[in-house]
Each structure stands twice: as C-alpha cells, then as structure tokens.
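Undergrad: Below are the sequence and a predicted model for it; my questions follow.
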Amino acid sequence: MAYRPIVSGDMALTFLCENIPAIGPTFKNREEAVKKARQYLEGIDKSAGELRETPVKIEINKQADGRYTIMVEGFQHTMGKLLNIDELFLKRFCKGLKKKMFILTCFVEKVDELECLVLTEGLGAVLYAPHSIKRWRP
C-alpha cells in the first residue's frame, strides 16, 4: 500500500507499507528515471563494502517562512530537495523515520499521477540509516 506522493522542488515522497518513507528525484522521462535508479543501486552496492555509514543522508532545514526543506544528499552531492513542507507533514515524515530506514527510489511524472519505481519496477534501495538523519526539533 502506498500513499499519494508529495511533490515539491525536484523530489517526491510517499509512504509505503507501515509508513516507511520512499523518497527520490522526479523525472518526466521514464527511461531517465530507470537509469538513475539503477545508478543509485550500483553506487550503494559499491559503497556498501567501503563505508560503514549509509551513503545517503537526509537533512531537515527550517525555511525563513516557517516551513521546512527536506534535503537528500548522497554520492558527494545534493540529490534533491523537497521544498515548503509544513510542520504537520514533517512530523509524519519524522514518525516514519523512527524505524531508522527509508527507501531511495525515483519517481516518474505522468499525466494525472506520479509513478514510484520501487512499486512498479522494484527499483529502490531500503537504507537502514540510524545516524544519517539529522534530528529535527520544532
């Protein structure tokens, strides 16, 4: 079961199963999205043997207007940002992160919906990240 995805900036976020967050960049072209998702998986495979930390980190920053930005960083660059997140949604997101895991995937923009590649293609990585999520306090 998946919830309706939230799209903002160049990223999308949805919740799967028992509120596990699935987050990743959005694409208009399906082939590009599949290619990028496979690159993420390859990068995670390569770094899994080298690092003891998850190669992807989530950072939450407060904006000047009181809303929040969720930034995903990995592979030595910013992968994308979810902009203008309200506090209620952020609390739900943080509640989902209590399991200390999230899914990195890609999304494809369609006419009336957003396709989550972890659901349709199985392209996504479940990342156990006990230390990669900076704590957020209201």
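TA: That came through fine.
Undergrad: Helices along the chain, start to end?
TA: Here the chain has its helices, by DSSP state H, at 30-50, 87-96, 117-120.
Undergrad: Same list (those) but as TSV, adding mean pLDDT, mean neighbour count and distance to residue 7.
TA: Glycine gets a C-beta too; all of them are placed from N, C-alpha and C. Conversion of the helices of the chain to TSV gives the following (pLDDT from 0 to 100; neighbours: other Cβ atoms under 10 Å; distance: least, Cβ to Cβ, whole Å):
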stretch	mean pLDDT	mean neighbour count	distance to residue 7
helix 30-50	84	14	13
helix 87-96	86	16	12
helix 117-120	92	18	14
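Undergrad: any chance of those helices in a markdown table, plus distance to residue 106?
TA: Listed next are the helices of the chain as a markdown table, based on distance: least, Cβ to Cβ, whole Å:
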| stretch | distance to residue 106 |
| --- | --- |
| helix 30-50 | 4 |
| helix 87-96 | 19 |
| helix 117-120 | 5 |
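Undergrad: Select, out of those helices, the one closest to residue 13.
TA: helix 87-96 (7.1 Å; Cβ to Cβ).
Undergrad: Which strands and helices lie in contact with the closest one?
TA: strand 11-16, strand 20-27, strand 68-74 (3 or more Cβ pairs under 8 Å, 6 or more residues apart in numbering; DSSP states H and E).
Undergrad: out of the ones you listed, nearest to residue 102?
TA: strand 20-27 (4.6 Å).
Undergrad: weakest of the helices and strands packed on helix 87-96 by average pLDDT?
TA: In terms of average pLDDT, strand 68-74 trails the rest of the helices and strands packed on helix 87-96, at a mean of 88.
Undergrad: For residue 79, which of the helices of the chain is the nearest?
TA: helix 30-50 (8.4 Å).
Undergrad: What is that closest one packed up against?
TA: Partner elements for helix 30-50 (3+ Cβ pairs under 8 Å, 6+ apart): strand 20-27, strand 101-105, strand 107-109, helix 117-120, strand 124-128.
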